[in-house]
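A.B. asks: got a structure for you, letters missing:
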Ligand SMILES: O=C(O)CCC(=O)C(=O)O
Ligand SMILES: [Fe+2]
């Protein structure tokens with residue numbers, strides 16, 4: 001096991017399986033941090049990373065090329081007359097971009113609104129209330145910073161991370177009770193996200209040309225977790241990073257943005273492409289495990305968040321794990337269909353999770369180590 005104790009707090013362990021010790025480092029949001037976020041005139045050293053902000057060309061609004069993410073329409077996906085073309089669109093988005101925007105998603109609007117409302121209320125509480133669900137030494141769940149990287153630099157955001165499925169693995173003590181609507185809203189939202197993820201998986205199976213069950217089965221009854229982020233505005237947006245560049249480690253990510261503040265950028269052809277917020281849509285992205293399952297047909301793409309000078313930004317990000325027979329590996333049907341050799345090593349699911357957390361803290365990409 002890799003176990004390091006950087007200065008400050010050390011947070012190890014996982015709620016996933018107490019028998020394996022996974023290094024997870026998340027720093028608390030202290031009064032000093034909250035004051036720096038609120039004032040943002042002087043950027044404390046631990047948040048100051050202008051070189052990283054300027055690392056890579058950002059595609060600008062004036063550039064000729066379209067930089068709108070592909071838009072996929074769920075109503076068309078489900079319409080027998082329009083499905084074929086729309087599924088092809090989804091497929092090529094997953095191959096070329098690793099991301100798409102989903103419109104007419106069919107997720108219960110009331111459930112979404114209650115979750116949004118509870119989230120906004122939670123982040124607007126005084127710090128001491130939010131700290132009632134602060135990250136603990138033995139887990140990755142709760143309120144605090146995002147994962148700390150090897151550089152020791154911190155992201156300009158406050159986040160609640162929770163394991164939301166399966167229900168019996170939840171840690172209710174980490175779920176906010178203020179506002180009083182929060183737990184019920186999250187419970188319902190989590191169920192809606194499971195339905196949406198399964199529906200998308202079944203459409204992806206059609207696109208890949210494999211049996212529904214080959215992909216849907218990989219996602220069924222697996223873990224779901226959520227990261228609920230608030231990125232405060234920052235007077236020096238060229239000095240701080242909202243979320244360090246990364247690709248998502250699990251299978252499929254469903255991102256809901258609560259406002260129209262820009263900030264998310266995805267890596268495309270070596271440049272950063274700002275995603276224009278589109279209210280009422282979900283941003284869906286292929287994560288590392290899905291890249292492995294599809295033997296590299298779908299791409300898990302790096303992304304980051306920058307801060308905005310004027311406005312805060314809030315997102316609710318839902319991650320779905322997937323694996324086959326306890327293993328993260330290319331789906332046998334996918335290989336058979338294409339007569340292809342596996343391009344990724346097979347790895348036991350908990351070993352994968354552990355390797356991924358280690359790589360995250362080291363600033364490397366675990367997926368790379370699995371490539372054959
Ligand atoms: O908040 C966002 O827009 C992105 C968050 C993200 O990439 C993550 O939580 O993995
Ligand atoms: Fe992400």
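C.D. replies: The structure has been received and is ready for your questions. Treat the numbers as computed from the prediction; the structure is a model and nothing was measured. Ligands and ions are numbered 1, 2, ... in the order given.

A.B. asks: Please make it C-alpha for all contacts and neighbour counts, starting now.
C.D. replies: Will do.

A.B. asks: Show me what residue 161 is bridged to.
C.D. replies: residue 142, residue 227 (DSSP bridges).

A.B. asks: Could you tell me which residues make contact with it?
C.D. replies: 140-143, 225-228 (CA atoms under 8 Å, 6 or more residues apart in numbering).

A.B. asks: Write out the residues of the stretch 101-250 of the chain neighbouring ligand 1.
C.D. replies: Counting by CA under 6 Å from any ligand atom, the residues of the stretch 101-250 of the chain lying close to ligand 1 are 227, 248.

A.B. asks: any idea where the strands of the stretch 101-250 of the chain begin and end?
C.D. replies: Per DSSP state E, counting those that start in this stretch, the stretch 101-250 of the chain carries strands over the ranges 142-144, 158-165, 224-231, 241-246.

A.B. asks: And the contacts of residue 161, which is closest to residue 165?
C.D. replies: residue 225 (6.8 Å; CA to CA).

A.B. asks: For the closest one, the count of nearby residues, please.
C.D. replies: When neighbours are counted by other CA atoms under 10 Å, residue 225 registers 21.

A.B. asks: State the distance from it to ligand 1.
C.D. replies: 10 Å (CA to the nearest ligand atom, to the nearest Å).

A.B. asks: dump the residue contacts of the residue nearest to residue 247 when sequence neighbours are not counted.
C.D. replies: Leaving aside its chain neighbours, residue 247 sits nearest to residue 302 (4.4 Å; criterion: CA to CA, 6 or more residues apart in numbering). Applying CA under 8 Å, 6+ apart, we find residue 302 in contact with 245-248, 266-267.

A.B. asks: So the closest residue to residue 83 other than its chain neighbours versus residue 91, what's the distance?
C.D. replies: Closest residue in space to residue 83, ignoring its immediate chain neighbours: residue 77 at 4.3 Å, by CA to CA, 6+ apart. To residue 91, residue 77 is 12 Å away according to CA to CA, to the nearest Å.

A.B. asks: Give me the neighbour count for the residue of the stretch 151-300 of the chain found nearest ligand 1.
C.D. replies: The minimum distance from the stretch 151-300 of the chain to ligand 1, using CA to the nearest ligand atom, falls at residue 264 (4.9 Å). If you count neighbours by other CA under 10 Å, residue 264 ends up with 19.

A.B. asks: Would you mind naming the residues that bridge with it?
C.D. replies: residue 305.

A.B. asks: Local confidence estimate at it?
C.D. replies: pLDDT recorded at residue 264 is 97.
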